[in-house]
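K.L.:
give me coordinates for this.
(one chain, ligands or ions: 1)
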Amino acid sequence: MRKLVCLAASLFLLFSCKEATPPQPYGAVPSERQLAWHQLEYYMFVHFTVNTFTDKEWGYGDEKETIFNPTALDCRQWAKTAKDAGMKGIIITAKHHDGFCLWPSQYTEHSVKNSPFRDGKGDILKELRAACDEYGLKMGVYLSPWDRNSSVYATPEYLTYYRKQLNELLTQYGDIFEVWFDGANGGDGYYGGKRETRKIDNKTYYDWPNTHKIVRKLQSEAVMFSDAGPDIRWVGNESGMGSLTNWCLLNRDQMYPGGDFAKILGEGHEDGSYWVPAEVDVSIRPGWFYHQTQDSLVRTPENLMDLYYSSVGRNSNLLLNIPPDRRGLLNERDVESLLAFRELREKEFSAELAKGKKVTASDCRGKAFHSSNINDGNPETYWATDDDELTADFVIDLGGATEVNRILIQEYIKLGQRIQEFSVEALVDGEWQKVVDGTTIGYKVIRKFPVVTASKIRVNFLKSKACPVISNVELFRAPGA
Ligand code: FUL
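P.N.:
Got it, this is the predicted structure:
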């Protein structure tokens, strides 16, 4: 009898659902290039330079080009590993703080062209491009603004040099998906033999707006990363921790790379006027560059899984650094851990339980926005409530007692990031039990909870800036408790 009443109620809701117009976007929304970036989720960082051969993290800038001598460099091995690991691209340190260039820049002698690598005829960017194309990966570049080798660093002339190098990178190596602007600057360096400390004003020296224009002009689809965007922001730490509350929004106008903003960058700004989502950059080893002494300290697959939850699971992308060793290869230990992490991830998310199950909601904006859109596998359809319904819930009927311990939720971010507070409950033996308390959602959140044997799962949107707009919900029974 109870079942019949429920069926009648849901049929009533379905047919009472009216024709309606879509919700208006709320606040800042992502650009096309940002939407494409969100979907990448997980990609590789490659830190490689003279440091690999001097065992340093920050080269001083006085390293002889001749020390750069990888004996078996193979970008195809990097790309194959990235592909096998389930990553979508590779971002390479074309030039780190030491100023040594992995491509034969025509504007400096401090590059591969004066090293024994490929008898001075080598170009790692070119080799990486070919490897990324072969494996269907995107390619990005890191070009350190701080240059401890350049004699003109800290003068206006350096800016011209920096931009010419950027120009080389953005015109000679095909499509670039992300340009990484690092904010680090420690002051002292070789600087063409002066060996002194050079202070610059992070806010004004680099004239970022005009550098950004170069990127937009030469690679209109590339996103730009820095502490302050303009497209993608640093998450504020290098330990792999995205923030549980994570707005894709930022008041970036007063911010700049190298400023003191780490505390703000995790959460972003709830009232931010620009869409600037967070990227979690973290290394598989304690250092960013390869050091043999750290061979025993490679993150385990389980640890990488934790990183995945604290990055991709918290509305951020994961940029995981795998530093090549002195051979120019990703070390066997790192590769093994990466591939085992992929297997773990596949097992973790292999049993999806929500797809095709009946979903009923407290409110329906109209037929096109019915709650059945949240588990139809189509990211372009979504459930939305009426404009004035800022609190709402939906219930997924699992069709019988089912073990579940993970939930994945996505907002339809083309219409902005709206949810401020949500909770998840499970119906266990006829009683609703709360399993998750949450704040923001955004592109994606994945939350763990102890296994419950539930017949239904209810997601409550408790506070929202504008009517909830949800494109996808998935439930899993991951191995373990
Ligand atoms: C930092 C740099 O100083 C590190 O060496 C590394 O490149 C990291 C990704 O960014 O700011």
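K.L.:
may I have stretch 43-61 as CSV, with CA atoms only?
P.N.:
Coordinates of the C-alpha atoms in stretch 43-61 are reproduced here as CSV (Å, rounded to 0.1, in the frame of the first residue of the first chain):
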residue,chain,number,x,y,z
TYR,A,43,47.5,15.6,-14.9
MET,A,44,51.3,15.4,-14.5
PHE,A,45,53.8,17.9,-13.4
VAL,A,46,57.4,17.3,-14.5
HIS,A,47,60.2,19.1,-12.6
PHE,A,48,63.5,18.7,-14.5
THR,A,49,66.5,20.9,-14.8
VAL,A,50,70.1,21.3,-13.7
ASN,A,51,68.8,20.6,-10.1
THR,A,52,68.4,17.0,-11.1
PHE,A,53,72.1,16.8,-11.5
THR,A,54,73.2,19.0,-8.5
ASP,A,55,70.7,17.5,-6.1
LYS,A,56,69.2,20.9,-5.3
GLU,A,57,65.7,22.2,-5.1
TRP,A,58,66.5,25.7,-6.1
GLY,A,59,69.5,26.1,-8.5
TYR,A,60,71.5,29.3,-7.8
GLY,A,61,71.8,30.1,-11.5
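K.L.:
give the buried residues for that stretch.
P.N.:
Taking 16 or more other Cβ atoms under 10 Å as the neighbour-count basis, stretch 43-61 is seen to contain the buried residues 43-54, 56, 58-61. All C-beta spots, glycine's among them, are computed from the backbone N, C-alpha and C.
K.L.:
what mean pLDDT does it have?
P.N.:
If you average the pLDDT over stretch 43-61, you get 98.
K.L.:
ok, back up a step: now, which of the buried residues of stretch 43-61 lie close to the ligand?
P.N.:
Among these, no residue is within reach of the ligand (Cβ under 6 Å from any ligand atom).
K.L.:
inside helices: which ones of those residues?
P.N.:
51-54 (DSSP state H).
K.L.:
wait, which of the residues you listed is closest to Glu65?
P.N.:
Within these, proximity to Glu65 (Cβ to Cβ) peaks at Phe53, which comes in at 10.8 Å.
K.L.:
where in this structure is pLDDT low?
P.N.:
Counting by pLDDT under 70, the chain contains low-confidence residues at 1-18.
K.L.:
near the ligand, which residues of it?
P.N.:
Within the chain, the positions adjacent to the ligand are 57, 182, 184, 281, 288 by Cβ under 6 Å from any ligand atom.
K.L.:
got a list of what the first one touches?
P.N.:
With contacts defined as Cβ atoms under 8 Å, 6 or more residues apart in numbering, the neighbours of Glu57 are 51, 287-289.
K.L.:
closest one of those to the ligand?
P.N.:
Distances from the ligand to the contacts of Glu57, taken as Cβ to the nearest ligand atom, are shortest for Trp288 (4.4 Å).
K.L.:
residues of stretch 275-290 that come out buried?
P.N.:
Of the residues in stretch 275-290, those buried by neighbour count under the rule 16+ other Cβ under 10 Å are 275-285, 287-290.
K.L.:
kindly apply the preceding question to stretch 439-456 instead.
P.N.:
In terms of neighbour count (16+ other Cβ under 10 Å), stretch 439-456 has its buried residues at 439-447, 452, 454, 456.
K.L.:
also stretch 192-210?
P.N.:
By neighbour count, and taking 16+ other Cβ under 10 Å as the criterion, the buried residues in stretch 192-210 are 198, 200, 202, 205-206, 208.
K.L.:
which of those sits closest to the ligand?
P.N.:
Distances from the ligand to the buried residues of stretch 192-210, taken as Cβ to the nearest ligand atom, are shortest for Asn202 (12.4 Å).
K.L.:
what about that closest one, distance to Pro257?
P.N.:
Using Cβ to Cβ, to the nearest Å, Asn202 is found at 7 Å from Pro257.
K.L.:
now Gly61
P.N.:
Plainly put, Gly61 is 20 Å away from Pro257 if you go by Cβ to Cβ.
K.L.:
Asp306 too?
P.N.:
Plainly put, Asp306 is 28 Å away from Pro257 if you go by Cβ to Cβ.
K.L.:
how about the stretch 151-300 of the chain: which residue is closest to the ligand?
P.N.:
Ala184 (3.4 Å).
K.L.:
count the residues that sit near that residue.
P.N.:
Using other Cβ atoms under 10 Å, Ala184 has 13 other residues around it.
K.L.:
list the contacts of the residue in the stretch 301-450 of the chain that the ligand sits nearest to.
P.N.:
Proximity of the stretch 301-450 of the chain to the ligand (Cβ to the nearest ligand atom) peaks at Asn321, 7.0 Å away. Under the criterion of Cβ under 8 Å, 6+ apart, the contact partners of Asn321 comprise 44-47, 281-285, 288.
K.L.:
rerun at 7 Å
P.N.:
The contact partners of Asn321, taken as Cβ atoms under 7 Å, 6 or more residues apart in numbering, are 45, 47, 281-284, 288.
K.L.:
could you dump those into JSON lines and include distance to Lys414 and secondary structure?
P.N.:
Output for those, formatted as JSON lines (distance: Cβ to Cβ, whole Å; DSSP: H, G, I helix; E, B strand; the rest coil):
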{"residue": "Phe45", "distance to Lys414": "28", "secondary structure": "strand"}
{"residue": "His47", "distance to Lys414": "34", "secondary structure": "coil"}
{"residue": "Asp281", "distance to Lys414": "26", "secondary structure": "strand"}
{"residue": "Val282", "distance to Lys414": "29", "secondary structure": "strand"}
{"residue": "Ser283", "distance to Lys414": "33", "secondary structure": "strand"}
{"residue": "Ile284", "distance to Lys414": "33", "secondary structure": "coil"}
{"residue": "Trp288", "distance to Lys414": "35", "secondary structure": "coil"}
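K.L.:
now Pro277, nearest residue through space, not along the chain?
P.N.:
In this structure, Pro277 finds its nearest non-sequential neighbour in Cys248, 4.1 Å apart by Cβ to Cβ, 6 or more residues apart in numbering.
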